[in-house]
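Undergrad: here is my input, please return the structure:
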Amino acid sequence: MMLKNAGAKDRLMELFSGQKLAVLSTARKDGHPYASLVAFVAAEDLQSIYFATSRATRKYENLQKDPRVAVLVNNSINISADFYQAISVTGMGNAAELSGDTAGRALLLYVEKHPYLEDFVRSPSCGLFQVTMTTYYLVENFQNVTEVHI
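TA: Numbers count the residues shown, from 1 in each chain. Coordinates of the predicted model:
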């Protein structure tokens, strides 16, 4: 992992461990972006982010046609101080539904962070996805941007 700022990985891990939800952006078949709220967990090496979704959702349909995604995670609390104190990260990558041993390992990580979603993620109608990350854009202090390339 190449870092412009040596502390960027620590800030990303702190943000990801402290947040339960992310905004997942997919592309509809007409090319328009589509955003969804997802419960997520990040791999310790930051190379992957995992999320689950029902196979009956628009995001699932979109991912079958185009695996490219953006994932937004932030710690804002909807106050004016967020402009200078909140951290926001946009991650870019490709999503793929998991199966077999890879799904099993990711499932354990996901359920460890989201035990209340275990029945959902183990349901036969649910797909567990891995986003293989290529780049993170970490935004701090309103406009201080650090790129982290995986």
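Undergrad: in the protein, which spans are strands?
TA: 2-3, 21-27, 33-42, 48-54, 68-74, 88-97, 126-140, 144-149 (DSSP state E).
Undergrad: comparing those, which comes out most buried?
TA: strand 48-54 (a mean of 22; mean count of other C-beta atoms under 10 Å). Just so you know, the C-beta spots here come from the backbone N, C-alpha and C atoms, and that holds for glycine as well.
Undergrad: quick one: contacts of that strand?
TA: 16, 22, 24, 36, 38-43, 59-60, 71, 91, 93, 98, 106, 109-110, 117, 120-121, 123, 125-133 (C-beta atoms under 8 Å, 6 or more residues apart in numbering).
Undergrad: got it, and stretch 97-110?
TA: Residues from elsewhere that reach stretch 97-110 (C-beta under 8 Å, 6+ apart): 39, 41, 43, 48, 50-52, 63, 117, 121-122, 127-130.
Undergrad: now the strands of the chain as CSV including distance to Ser80 and mean pLDDT?
TA: What follows is those, written out as CSV (distance: least, C-beta to C-beta, whole Å; pLDDT from 0 to 100):
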stretch, distance to Ser80, mean pLDDT
strand 2-3, 30, 46
strand 21-27, 21, 98
strand 33-42, 23, 98
strand 48-54, 29, 98
strand 68-74, 15, 98
strand 88-97, 15, 98
strand 126-140, 16, 96
strand 144-149, 18, 89
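Undergrad: can you lay out the ones you listed as JSON lines showing distance to Lys9?
TA: Listed next are the strands of the chain as JSON lines, based on distance: least, C-beta to C-beta, whole Å:
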{"stretch": "strand 2-3", "distance to Lys9": "6"}
{"stretch": "strand 21-27", "distance to Lys9": "18"}
{"stretch": "strand 33-42", "distance to Lys9": "11"}
{"stretch": "strand 48-54", "distance to Lys9": "14"}
{"stretch": "strand 68-74", "distance to Lys9": "14"}
{"stretch": "strand 88-97", "distance to Lys9": "12"}
{"stretch": "strand 126-140", "distance to Lys9": "9"}
{"stretch": "strand 144-149", "distance to Lys9": "7"}
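Undergrad: you'd agree Val34 is up against Thr57?
TA: Check again: residue 34 is Tyr, not Val. No - with contact defined as C-beta atoms under 8 Å, Tyr34 does not reach Thr57; the gap is 10.0 Å.
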